Every structure is written in C-alpha cells, then in structure tokens.
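Asker: just coords:
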C-alpha cells in the first residue's frame, strides 16, 4: 500500500486488560490506580483509554459491574470532558445473551460516560499461546459474538448517541463490520482496531503483508483505523511505524504488551512519542481525535441528548 505523509496520530492506551501484577508490578488494577494512570497517559498524548475491571472474562452470568468504571472515569472526565473511554465485556460462549454481557456498556453510554462503546463483530479462539499452552482462564470456550449480537451492539450504540470501537481479531470480523458500514448499519464515529497476534496465536501476525491485507479491505470505506499487537510489542515489531506511514493510528498498553522488562504505560507512550517525532508527526489532541472520528465535543452531545 502507498505511504502517506503522516498527520496527527490518535494514540490509545489499554491500561490493564487481564494482566496481573505478578507479570508487571506497574499494571493499574483499582479504580484509583486506573484514574491516576489514565491521567498520566493523557499528559503524554493518549486520547482514548480502555480498561478492564477485575471481573473474569468468562463468567457464569456475564455481568460486569458499572460502578468501578464510574469510579475510575469520573475524575478523568472532570479534568478532560472530551476524553474517550470504553470498557470491556464478558465472553459470550456459554449461552449468555448479549443484552446481559453488554448491559454495563449500555449503562455507561446512557450516562454519557466516555463516548465510546465496544463492538466485537465476530467469534474467535484467542487463548492459545506460541508455546502451545492455553491458560485455564481462556481455554474453556471461544470468545463469541453472533451476527445478531453485533447488530444489537451497533443499534444500541447509535440509539445512545455513542461511537463504536470496533475490535478486529481476524479478517472475517472486518468483513462483517464493512458490510454493516456499506448498508448504513455501523454507527457514526467508528474507529476500527486491527488486532494482530503476537504470543497469542489468533488472526494475522504483525507483518507488513498482513497489514496490507487488512488495508486492501478497509481502504474503500474511509474508516479510521489503528493497530495493536496482543501478546507482543507494536513498536519493536515495526507494525506501529508501518501503520503511521500508511495513515493509521496506534494502541499501546499493558493489556497488550508482552515484550522484555516491566515498563509502565507511560514508558510505552514515551516510546510512541519517540517514533512519532522521528516520523515528523505527533499525537492528536483530544479535540483533534474527536474531529478525526467525526464526533462533536462532549458538552454539545450532552446538550443534544
């Protein structure tokens, strides 16, 4: 694919995921720690933040609590009202209806918290590691979202006046999202997150040819997109530079990182800043990020709601 002169780059930080402290002592787990970490990341140029609470991904009831998100996000939004934030949701492989798995996402959007929802348009086995093992927490079932589930998440996102973060774990996810977009059923303000597998053996590996394959599908849509390496390092893999040169955006964070050492989220963002400076660009501001996604300021959205 042809390279572009890079403009301002949207930088997302995925601050924790399911990463435990025994793997990295810097990972924020409590709401207060998440608040502090997100605020530090905003100071370094992050304009989208994603976090998990401490509920497991595979649960008997699929319920994730709203309150820890409110506790973590409200102090952030008090200082940066236009910051974009979004949660995770439980895996749906045990017959748990999407209405239950997605209820906390809906409630946060109803309260105008964070501006983004989570839409995962497909199903995937995501637990197998490169060493051939599969952690018990990931092993039981695939991460599952039907077409009907995807349509529900999109319809409710649009009705609530939010914008979707679209997770792409493998090419079929993207084809589903693009079909919905082509027929006007993808909510406005979407950003497509291209997730590449590092130590996690799913989807496509973080290579230039794999990125080009995704961009061949994406290019006609004009949708903004970003890259991340789950179970790896988007910077040292070279994928971040390839994405920026092609007009894309970046996600980093301790949810994804599986490189050497025990960096903090701020350390990972400083690496992004060094890359962007070398490429002659910079992180987008919060206002520019909303503009790139076609979103109005939060105050305007709240008045219209």
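Answerer: That came through fine. This is a predicted model, so every value here is computed, not measured.
Asker: Now do the helices in the chain.
Answerer: With DSSP state H as the criterion, the chain has helices at 31-43, 67-79, 98-101, 103-110, 147-159, 171-182, 208-218, 239-245, 265-278, 286-293, 298-304.
Asker: residue contacts, residue 53?
Answerer: Residues near residue 53 by C-beta atoms under 8 Å, 6 or more residues apart in numbering: 64-65, 68-69, 87. Bear in mind the C-beta positions are built from the backbone N, C-alpha and C, glycine included.
Asker: Residue 154 now?
Answerer: 119, 164, 180, 185-187.
Asker: measure it to residue 240 for me?
Answerer: 28 Å (C-beta to C-beta, to the nearest Å).
Asker: on that earlier part again, of the contacts of residue 154 - the most surrounded one?
Answerer: Using other C-beta atoms under 10 Å as the neighbour criterion, residue 119 leads the contacts of residue 154 with 29 neighbours.
Asker: Isn't that one up against residue 150?
Answerer: Yes - the criterion here is C-beta atoms under 8 Å, and residue 119 meets it with residue 150 at 6.6 Å.
Asker: what about burial for the contacts of residue 53, which qualify?
Answerer: Taking 16 or more other C-beta atoms under 10 Å as the criterion, what is buried in those is 64, 68-69, 87.
Asker: between these, which is nearest residue 227?
Answerer: Taking C-beta to C-beta as the measure, residue 227 sits nearest to residue 87 out of the buried ones among the contacts of residue 53, at 21.0 Å.
Asker: What does the pLDDT read for the residue nearest to the closest one when sequence neighbours are not counted?
Answerer: Counting by C-beta to C-beta, 6 or more residues apart in numbering, residue 69 is the residue found nearest to residue 87 once chain neighbours are left out, at 5.5 Å. With respect to pLDDT, residue 69 scores 98.
Asker: Is residue 69 in contact with residue 113, as I believe?
Answerer: Yes - Residue 69 is in contact with residue 113 according to C-beta under 8 Å; the separation is 7.1 Å.
Asker: on that earlier part again, now distance to residue 97 too, for the contacts of residue 53, in TSV please.
Answerer: Below are these laid out as TSV (distance: C-beta to C-beta, whole Å):
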residue	distance to residue 97
64	14
65	18
68	22
69	21
87	18
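Asker: mind checking how far stretch 116-135 is from the chain centre?
Answerer: Relative to its chain's centre, stretch 116-135 lies at 13 Å (C-alpha atoms, centre = their mean, to the nearest Å).
Asker: in that stretch, what's buried?
Answerer: By 16+ other C-beta under 10 Å, the buried positions in stretch 116-135 come out as 116-129.
Asker: ditto for stretch 35-53
Answerer: By neighbour count on 16+ other C-beta under 10 Å, the buried set for stretch 35-53 is 35, 37-42, 44-53.
Asker: what residue ranges in the stretch 51-200 of the chain score low on pLDDT?
Answerer: 93, 137-140 (pLDDT under 70).
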